[in-house]
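A.B. asks: coords please:
(one chain, ligands or ions: 1)
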Amino acid sequence: MPGLAIFNLELKEKEFRKISDLVYRHCGINLHDGKKELVRARLAKRLRLGKFRTFSEYMKHVMNDSTGYEFSLLIDSLSTNLTSFFRGGEHFGFLAKEFLPALLERKRKTGSSRIRAWSAGCSSGEEAYSMAIALLDTLEGQGQWNAKVLATDISTHMLDIAKKGIYEKKRVMAVPALQCQKYLVPLNVDGQKCFKAGLKLRETVVLEYLNLMDDWPIRGPLDFVFCRNVMIYFDKPTQHRLVKRFWNLLDSGGLLFTGHSESLTGVEHDFKYIRPTIYAKP
Ligand SMILES: C[S@@+](CC[C@H](N)C(=O)[O-])C[C@H]1O[C@@H](n2cnc3c(N)ncnc32)[C@H](O)[C@@H]1O
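C.D. replies: Numbering: from 1, shown residues only. All right, here's what the predicted structure looks like:
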């Protein structure tokens, strides 16, 4: 049957090595041998779309595209962008009930009104907007503050979604009704009920492209960093380097939040363990 071969695209060992080396060098994602089938399946879609007959042919096309667009599509195909509002709810509970009230107290004592947070690997923005909701709720009625949540990702496609800030109703179900009313604006998109991040959230969240492997043009010190469900894709030496860089950027008393399967066990660091996946710079 003509066309059947395209469903059985073979990813040769040499091709897999080339792709995994390239991806590792670019963004730290560790495509070890166990990921070969995932790479084959995810990139097969791109091969079919572009009607490429082999992975080598496809890779040649990617490498010849001087705009970098094809390469960014390759990275997008291989990275996982799963996220949601208030994911890992206990992190937000801890922020709202314990960390943020104590932070305001500390800031007041030092006469500082500057609060800075970072969602490192923000995907389509839900994490950063949830952080901003927790922050704005805490600051309500507390006078004037200069509070920003920096949100960065390597995927320009995900950043575009985050910048639009429009989410289907089912995606905002995790936002408590009161906060939904305060910070999200209902709207209809092609007859579908959606919600858009409101002005206060947009003023608070600053979205930028950033590859965590590159230099970070970020002015510290930061009060808290969420780097959740990102480091899991990196190897230990890369995780170690990142954790050290987060440490350098955090203020004393600042917090690092990691994803639920990303404890810092096995990573050398000076953070103080607060509770699972929450670490403080003393
Ligand atoms: C699974 S999502 C996590 C989203 C969010 N932090 C959460 O926990 O819900 C992982 C994100 O990390 C991003 N990412 C992977 N490697 C990256 C890198 N080197 N620099 C910046 N972002 C990266 C991906 O593009 C993706 O959006």
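
A.B. asks: so how many other residues sit close to residue 215?
C.D. replies: Using other Cβ atoms under 10 Å, the number of residues around residue 215 comes to 8. Backbone N, C-alpha and C define where each C-beta goes, glycine included.

A.B. asks: quick one, helices of the stretch 51-200 of the chain?
C.D. replies: 55-64, 69-78, 89-94, 100-110, 126-139, 156-164, 177-183, 199-204 (DSSP state H, counting those that start in this stretch).

A.B. asks: can you say which of those is nearest to residue 279?
C.D. replies: Closest approach to residue 279 among the helices of the stretch 51-200 of the chain is made by helix 89-94 (11.9 Å; Cβ to Cβ).

A.B. asks: for residue 77, see how far away residue 163 is.
C.D. replies: According to Cβ to Cβ, to the nearest Å, residue 163 and residue 77 sit 21 Å apart.

A.B. asks: near the ligand, which residues of the stretch 101-250 of the chain?
C.D. replies: 121-123, 127, 153-155, 158, 210-213, 228-230 (Cβ under 6 Å from any ligand atom).

A.B. asks: which of these are buried?
C.D. replies: 121-123, 127, 153-155, 158, 210, 212-213, 228-230 (16 or more other Cβ atoms under 10 Å).

A.B. asks: show me where pLDDT drops low in this protein?
C.D. replies: 1-7 (pLDDT under 70).

A.B. asks: which stretches of it form strands?
C.D. replies: For the chain, applying DSSP state E gives strands covering 114-120, 146-153, 166-168, 184-189, 192-197, 205-209, 222-227, 250-258, 272-275, 278-280.

A.B. asks: distance to residue 14 added to the ones you listed, as a markdown table?
C.D. replies: Below are the strands of the chain laid out as a markdown table (distance: least, Cβ to Cβ, whole Å):
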| stretch | distance to residue 14 |
| --- | --- |
| strand 114-120 | 34 |
| strand 146-153 | 31 |
| strand 166-168 | 42 |
| strand 184-189 | 45 |
| strand 192-197 | 45 |
| strand 205-209 | 31 |
| strand 222-227 | 33 |
| strand 250-258 | 35 |
| strand 272-275 | 43 |
| strand 278-280 | 41 |
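
A.B. asks: next, the contact list for residue 101, please.
C.D. replies: Shown in contact with residue 101 (Cβ atoms under 8 Å, 6 or more residues apart in numbering): residue 138.

A.B. asks: and this structure, what are its domains?
C.D. replies: 4-78, 89-280 (automatic domain parsing).

A.B. asks: so of those, which one's packed in deepest?
C.D. replies: domain 89-280 (a mean of 17; mean count of other Cβ atoms under 10 Å).

A.B. asks: I'd like to know how far residue 187 sits from the ligand.
C.D. replies: According to Cβ to the nearest ligand atom, to the nearest Å, residue 187 stands 23 Å off from the ligand.

A.B. asks: that residue contacts residue 196, correct?
C.D. replies: Yes: contact criterion Cβ atoms under 8 Å: residue 187 and residue 196 qualify, at 5.5 Å.

A.B. asks: list the residues that contact both of the two?
C.D. replies: Counting by Cβ under 8 Å, 6+ apart, the residues touching both residue 187 and residue 196 are residue 166.

A.B. asks: quick check on residue 228: phi, psi?
C.D. replies: phi -120, psi 130 (degrees, to the nearest 10).

A.B. asks: now swap in residue 122 and tell me
C.D. replies: phi -90, psi -10.

A.B. asks: what bridges to the closest residue to it other than its chain neighbours?
C.D. replies: With sequence-adjacent residues excluded and distances taken as Cβ to Cβ, 6 or more residues apart in numbering, residue 122 is closest to residue 151, at 3.8 Å. Counting by DSSP bridges, residue 151 forms beta bridges with residue 119, residue 207.
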